[in-house]
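Trainee: Got a predicted model here, sequence first, then my questions.
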Amino acid sequence: MASAAADALSKLTIDDLASASPNLHKNLSLLSPDQVELAKVLLQLNQAHLFEHWPEPGVEDDEKRAFFEQVSRLNSSYPGGLASYIKTARELLADSKAGKNPYDGFSPSVPSGETLTFGEDNFIQYENVGIREARNAAFVLVAGGLGERLGYNGIKVALPLESVTGTCFLQHYIESILALQEASCKLAEGGPREIPLAIMTSDDTYSRTIKLLETNAYFGMKPSQVKLLKQEKVACLDDNDARLAVDPNNKFRIQTKPHGHGDVHSLLYSTGLLKEWFAAGRKWVLFFQDTNGLLFKAIPASLGVSSVKGYHVNSLAVPRKAKEAIGGITRLTHKDGRAMVINVEYNQLDPLLRATGYPDGDVNNETGYSPFPGNINQLIFEIGPYLEELSKTGGAITEFVNPKYKDSTKTAFKSSTRLECMMQDYPKTLAPSARVGFTVMEAWLAYAPVKNNPEDAAKVPKGNPYHSATSGEMAIYRANSLILRKAGVKVDDPVQDVFNGQEVDVWPRVAWKPKWGLTFSDIKSKVSGKCSITGKSTIAIKGQSISLEDLALDGALVIDAVDGAEVKVGGSVKNAGWTIEKVDYKDTSLPEEVRIRGFKINKIEQLEKTYKEPGKYSLKP
């Protein structure tokens, strides 16, 4: 229980309880001393309505105790307790009713950051620095959501990243971290060092995430490297006075909803995990979302930027078109001198610019993009300054409230609301001296989230990203094909096709495990001679030391090699290959993960070779 709240708000006497809430007073004998104190806090906060329906002692007593167990959880899991939550809620609800502009007094400008082009010299240099730094990093995966919005009933991290190898998102992330770990430790002195992974889950995803990990032997990572943090929900609010909402399905429960991914900061602090990492000499913590399959292609160079520039906070970003529905990284300077670099949501950025001397608002510059880069919610923090800041705030992040009012009087809600917080709002609390920057990468390399179901994706205006399972998978093949092109491979142009109502470019189906190609330098060193891949082709590379030499691929090729097996692949490989067959997402005879893509792969013919023993091999059909 939050002791400060208890000290300040438990001045009510037992006699006061009798008049404030007779029904509660009758049931005091059921409660522990701590629960009585919590009851006093609730009454002091004008929450007596929670007890109006309580029956006499002896009736539903277990439910009454369970109510206080829930209240205790809500109180202890929020920095400052329920008293702080309700106080903040009343302030934010009052601002919302008054229509207060959160950016009043601030002027926007373009912050400083680094813009990188894949394969150029400075990109490669930053990648090399990032690989060295990786052994000093820890990763945090924010994975509190189910895939219901996608039309998938499992946890999102269990979805296949692509259909060629069937690798799921969580497996890809873990294998990428392990590949970073190995590459970093080869470059650094002092022997191997494990890179830890924390996964923020919720009630919806916690047990399923554990099951996915345990069933698959943690995808090769040591169980001790992985820590699961469970996010609690927060209380819902019924009105502008922040009266807590009774659960419509259980009168002895407070209705709760997710608080947002900003909780990751308070969890890292309250569990002591951040202190543990810092004490172990770690320097960086990298936050990433659950279904962006391209992210790790951008991680090494971005981490290199953080190291070279000395950024306390580095937001990974992509170029954004003016008014595109993605937040913009913006420097805000207040007329009182305060300044911060944060994400401003797209629907707030344009009016903010217009109100502060930019009559055209958010417009594209000579590059064809807005000067405000697009936030993709992948963040790199330097642990020392981060821990110092959290020791002051407890990990509390600036919150917002978004009530849906019944009418223009703004006196009643259509349904209960709650406070929310976002991971990327952390810089709002930082001093102006904090070094906050960004790293912009091309979207084809860094950003292809999977979050929209087929019906919603098909309604997206032409030319805008679908952000669906269909576009997410095709983006993997596009990125891998473009990287191979940059490395000197002749890769056929894509053809356009429509799946689940979405027109996409279909590139050759190129897939590889992270340990094969973590950086551009890695990949370039494994490609030589005149290599070519036709548009109908599929290639899956599952091994670290597989090199392509004068390979002409027109079909399907799968190479799987254990560590220590060096395989040179060349010559002409021609077969019927694997075809893409369209499917209807309404066809319930198919698995959900296939339906939401709108296609399946038919494996007609392939050359498949597996090398299970270390050694040197040559594959030249």
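Mentor: Arrived safely.
Trainee: Pass me the low-pLDDT residue ranges in the stretch 101-250 of the chain, would you?
Mentor: 190-192 (pLDDT under 70).
Trainee: just the strands in it please.
Mentor: With DSSP state E, counting those that start in this stretch as the criterion, the stretch 101-250 of the chain has strands at 106-109, 114-115, 137-142, 197-201, 226-230, 234-235.
Trainee: can you redo these as TSV with distance to residue 74 and mean neighbour count?
Mentor: Bear in mind the C-beta positions are built from the backbone N, C-alpha and C, glycine included. Formatted as TSV, the strands of the stretch 101-250 of the chain follow (distance: least, C-beta to C-beta, whole Å; neighbours: other C-beta atoms under 10 Å):
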stretch	distance to residue 74	mean neighbour count
strand 106-109	33	18
strand 114-115	42	18
strand 137-142	21	24
strand 197-201	18	23
strand 226-230	14	18
strand 234-235	5	24
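Trainee: What about residue 214, how many residues nearby?
Mentor: Using other C-beta atoms under 10 Å, residue 214 is surrounded by 10 other residues.
Trainee: Ramachandran angles for residue 415?
Mentor: Main-chain dihedrals, residue 415, degrees, to the nearest 10: phi -150, psi 170.
Trainee: tell me the pLDDT at it?
Mentor: Looking at residue 415, its pLDDT reads 90.
Trainee: Could you do residue 357 as well?
Mentor: Here, the pLDDT recorded for residue 357 equals 85.
Trainee: Tell me how far it lies from residue 196.
Mentor: According to C-beta to C-beta, to the nearest Å, residue 357 and residue 196 sit 46 Å apart.
Trainee: Quick one: closest of the strands of the stretch 101-250 of the chain to residue 308.
Mentor: With C-beta to C-beta as the criterion, residue 308 lies closest to strand 114-115 of these, at 8.6 Å.
Trainee: rewinding a little: format the strands of the stretch 101-250 of the chain as TSV; extra columns: distance to residue 586.
Mentor: As requested, the strands of the stretch 101-250 of the chain are arranged in TSV below (distance: least, C-beta to C-beta, whole Å):
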stretch	distance to residue 586
strand 106-109	45
strand 114-115	43
strand 137-142	31
strand 197-201	31
strand 226-230	35
strand 234-235	37
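Trainee: just so I know, which of these lies nearest residue 428?
Mentor: For residue 428, the closest of the strands of the stretch 101-250 of the chain is strand 106-109, at 11.2 Å, according to C-beta to C-beta.
Trainee: Show me the contact partners of that closest one.
Mentor: Applying C-beta atoms under 8 Å, 6 or more residues apart in numbering, the set of residues contacting strand 106-109 from outside is 330-335, 344, 349, 352-353, 356-357, 372.
Trainee: 10 Å - rerun?
Mentor: Outside strand 106-109, the residues that touch it by C-beta atoms under 10 Å, 6 or more residues apart in numbering are 328, 330-336, 338-341, 344, 348-349, 352-353, 355-358, 362, 371-372.
Trainee: Keep only those of these that are in strands.
Mentor: The strands, defined by DSSP state E, take in 328, 330, 331, 332, 333, 334, 339, 340, 341, 344 from the contacts of strand 106-109.
Trainee: Going by neighbour count, which of these comes out on top?
Mentor: For the ones in strands among the contacts of strand 106-109, the largest number of neighbours (other C-beta under 10 Å) sits with residue 328, at 28 neighbours.
Trainee: So, low pLDDT: which residues of this structure?
Mentor: Counting by pLDDT under 70, the chain shows low-confidence ranges at 1-18, 190-192.
Trainee: Dead centre of it: give me the residue that sits there.
Mentor: residue 289 (1.6 Å; C-alpha atoms, centre = their mean).
Trainee: That residue is in contact with residue 142, isn't it?
Mentor: Yes. Using C-beta atoms under 10 Å, residue 289 makes contact with residue 142 at a distance of 5.7 Å.
Trainee: Let me see the ranges of the helices in the stretch 201-350 of the chain.
Mentor: 206-215, 263-270, 273-279, 295-309, 346-354 (DSSP state H, counting those that start in this stretch).
Trainee: Who are the contact partners of residue 150?
Mentor: Contacts here follow C-beta under 10 Å, 6+ apart; on that basis residue 150 touches 156, 159, 291, 450-454, 456-457, 467-469, 472, 592-593, 596.
Trainee: If we use 8 Å, what do you get?
Mentor: Residues in contact with residue 150 (C-beta under 8 Å, 6+ apart) are 156, 159, 450, 451, 452, 453, 468, 469, 596.
Trainee: and the third one, what does it touch?
Mentor: What it means is residue 450. Shown in contact with residue 450 (C-beta under 8 Å, 6+ apart): 150, 156, 159, 291, 292, 293, 467, 468, 469, 472.
Trainee: swap the cut-off to 7 Å and go again
Mentor: Residues near residue 450 by C-beta atoms under 7 Å, 6 or more residues apart in numbering: 150, 159, 291, 467, 468, 469, 472.
Trainee: And those, which two are furthest apart?
Mentor: Using C-beta to C-beta, those span at most 13.5 Å, a distance reached by 159 and 467.
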